[in-house]
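Trainee: Would you be able to build a 3D model of this:
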Amino acid sequence: MLIGANNFDTMLTNYETIVSKIKQNLPQTSVILCSLTSMTGDWAKNNEKARQNNVEIEKIAAKYGYVYADLFNPLLDPTTNELKQEYSVDGGHLTQEGYTVITDVLKPIISNFLN
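Mentor: Next comes the predicted model:
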């Protein structure tokens, strides 16, 4: 599950609501809660809020026994502390290269579910 950063103020409530209903109605379902991604350009001003929300998303995952996947750091350029330029078309939405990074993060997690 990946919810975008467009609604920082309500996203955690939305996460909690969705995850609790999945747990209640589909208790055997495996769920991966994905972090928000890092951002660059005009969107980079949201990186600190994204980090804070990611901490809470990880707590929600733990609370319900789900897996948390960190997508923020694998996309981060440590020299700028922002999303690597080549991973975004506009500072927030990912390029094919960016999605390749996410795929590389998620493949082993999904593979564990299938074994």
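Trainee: in this structure, which spans are strands?
Mentor: 32-34, 67-69, 76-77, 82-83 (DSSP state E).
Trainee: Pairing partners for the first one, with directions?
Mentor: Applying DSSP bridges, strand 32-34 is found paired with strand 67-69 (parallel).
Trainee: Turn the strands of the chain into CSV, including mean pLDDT.
Mentor: Shown next, in CSV, are these (pLDDT from 0 to 100):
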stretch, mean pLDDT
strand 32-34, 96
strand 67-69, 97
strand 76-77, 96
strand 82-83, 96
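Trainee: Could you point out which of the ones you listed sits nearest residue 106?
Mentor: strand 67-69 (6.1 Å; Cβ to Cβ). For the C-beta atoms, the positions are set from N, CA and C on the backbone; glycine is no exception.
Trainee: which residues are contacting the closest one?
Mentor: 30-35, 57-58, 61-62, 105-106, 109 (Cβ atoms under 8 Å, 6 or more residues apart in numbering).
Trainee: same thing with stretch 20-32?
Mentor: 1, 19, 61, 64-69, 106, 109-110, 113.
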